[in-house]
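Trainee: Model the structure of this input:
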Amino acid sequence: MTPSGDLGWTAPSASGPLAATVALPGSKSLTNRVLVLAALSVTPTLVTAPLRARDTTLMCGALRSLGVRIDDEGADWRVHPGRFSAGPVDCGLAGTVMRFVPPLAGFADGDSCFDGDPHARTRPMRTLLDGLRQAGLSISDDGTGGLPFTVHGNGSIGGGRVELDASASSQFVSALLLAGARFDKGLEIHHVGASLPSLPHIEMSLACLAEAGVEVDASQPNRWVVVPGAIDLPDTVIEPDLSNAAPFLAAALVCGGSVTVPHWPATTTQPGDLLRELFTHLGAEVRLAPDGLTVTGPGLAGLRPLVADLHEASELTPVIAAICALAPGRSRLSGVAHIRGHETDRLAALRTELAAAGSDVSETEDGLVIGPAPLHPAVFRAYADHRMAQAGAVLGLAVPGVVVDDIASTTKTLADFPGLWQSLLAQRETPAG
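Mentor: Take a look at the predicted model:
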């Protein structure tokens, strides 16, 4: 067991090249999209191999609070749709809950109050709330444009044309897309901002809608037309969470040797699939085969600096930044200004914590510049952010004495990150001879 003290969890350091296999649970992004569509569906849906972690249990709790019946069937969930009822919704710190669930509350008769963790009240919401008002939903937020707010449901939502600037989060678009077919007139969404982050997550929402028989015209840039009609989601198997694979595969780059994640899909809408390209640029050999994805890393001596626009997969930024802090040469990560509004201001947090460990790091308008520098032990603060905690674990592989202050934050998307991490590092290459 890795020791933990008053300051937190001491990240274990590498003790040799790896020869590891790590089976990861289901995708959080897919699980929560499927749960929402199952709640809106006309028939029950069996959700197989879902992620069971804080964000997804919060989603189940939110749906149950609105009258949706969700039964446990072993490790799976069976969702029984029905008439929505008003109720209080605890969003925790889950962006998908605070953004995907409010439209469903509009289908209930009565008031549903949404609130969450203290930091959830600072997360961007005004764009979505204004968009829902354009669609005909009545919402009270005391002018804050965020949590807490109350949805005044009357059983239906008119729909029609909605204009919004989703530059801060693609979840604003996905939230409207997922429920749009149930609006009386359907929905015509226009993104009017300069950029749209995490476009693969919108593609993921569109793919889920297609599985549920929903017709969406996405032929024009920044415009989506959802045809009104029934949602009928078939039984669904959830893919492994590819973004959660980032720290485990990163261990191969830092330690050397190889790490395999089984059941990596041959095709996917998950942004985490970009790890294959990113890790190749960082110096790894990446192989996708029927048995999964295998990353064979060069170890610290063979790491390469990285220049990359992470706009499409911004949730990978913390782990990628930790690797770059260990690499020779100067790395530049860009396209991620919007992650200032994630679980924490991730750019400021990464700059602060990497610098505390000795890294030569500076914050730019939309990213980070990281240069080589001697690193030393430090307390790596997670800011209640699971991706920050994962970055601290990766840094600790090469810097003995890194202590992550809140490793429990990883329960947001992984039930036992420390246990999986220990298991990973115990699977080492057998010395020759």
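Trainee: On the three-state scheme, the residue lying closest to Pro372 once chain neighbours are set aside is what?
Mentor: The shortest distance from Pro372 to any residue other than its chain neighbours is 5.1 Å, reached at Pro328 (C-beta to C-beta, 6 or more residues apart in numbering). In this view, the C-beta of every residue, glycine as well, is placed from N, C-alpha and C. When classified by DSSP: H, G, I helix; E, B strand; the rest coil, Pro328 comes out as coil.
Trainee: what's the burial count for Pro328?
Mentor: Other residues within reach of Pro328, judged by other C-beta atoms under 10 Å, total 13.
Trainee: Now do it against Arg304, distance only.
Mentor: As judged by C-beta to C-beta, to the nearest Å, Pro328 and Arg304 stand 8 Å apart.
Trainee: Next: Ser85.
Mentor: According to C-beta to C-beta, Ser85 stands 55 Å off from Arg304.
Trainee: can you check Leu414 too?
Mentor: Taking C-beta to C-beta, one finds Leu414 at 28 Å from Arg304.
Trainee: of those two, who's got more company?
Mentor: Neighbours of Leu414 and Arg304, each counted by other C-beta under 10 Å, are more numerous for Leu414; the result is 24 against 17.
Trainee: What's the local residue count around the nearest residue to Asp109 once chain neighbours are set aside?
Mentor: Nearest non-adjacent residue to Asp109, counting by C-beta to C-beta, 6+ apart: Gly155, 5.1 Å away. Applying other C-beta under 10 Å, we find 11 residues neighbouring Gly155.
Trainee: Renumber starting at 844 from here on
Mentor: Sure, I'll start counting at 844 from here, so that last one is Gly998.
Trainee: What pLDDT does the model give Gly998?
Mentor: On pLDDT, Gly998 comes in at 97.
Trainee: mind listing what it touches?
Mentor: By C-beta atoms under 8 Å, 6 or more residues apart in numbering, the residues touching Gly998 are Phe950, Ala951, Asp952.
Trainee: remind me which residues of this structure are low pLDDT?
Mentor: Applying pLDDT under 70 to the chain picks out residues 844-849, 1274-1276.
Trainee: So which residues of it form helices?
Mentor: 871-883, 897-908, 938-943, 945-949, 969-977, 1014-1023, 1042-1054, 1088-1098, 1118-1124, 1160-1169, 1189-1199, 1229-1241, 1260-1269 (DSSP state H).
Trainee: Now stretch 1257-1268: buried residues?
Mentor: Leu1257, Phe1260, Pro1261, Leu1263, Trp1264, Leu1267, Leu1268 (16 or more other C-beta atoms under 10 Å).
Trainee: Quick one: closest of the helices of the chain to Leu1131.
Mentor: The closest of the helices of the chain to Leu1131 is helix 1118-1124. By C-beta to C-beta, the value is 6.8 Å.
Trainee: And that closest one, what's buried?
Mentor: Buried residues in helix 1118-1124, defined by neighbour count with 16+ other C-beta under 10 Å: Leu1118, Arg1119, Leu1121, Phe1122.
Trainee: Please apply the same query to stretch 997-1008.
Mentor: Neighbour-count burial for stretch 997-1008 flags Ile1000, Gly1002, Val1005, Leu1007, Asp1008 (criterion: 16+ other C-beta under 10 Å).
Trainee: what's the most distant pair in those residues?
Mentor: Ile1000 and Asp1008 (20.9 Å).
Trainee: got TSV for the contacts of Gly998, with neighbour count and distance to Glu1046 too?
Mentor: Formatted as TSV, those follow (neighbours: other C-beta atoms under 10 Å; distance: C-beta to C-beta, whole Å):
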residue	neighbour count	distance to Glu1046
Phe950	24	26
Ala951	20	30
Asp952	13	34
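Trainee: Would you map out the domains in this structure?
Mentor: 847-868+1083-1269, 871-1066 (automatic domain parsing).
Trainee: what about the shortest one, distance to the chain center?
Mentor: Domain 871-1066 has its C-alpha centroid displaced from the chain centroid by 15 Å (C-alpha atoms, centre = their mean, to the nearest Å).
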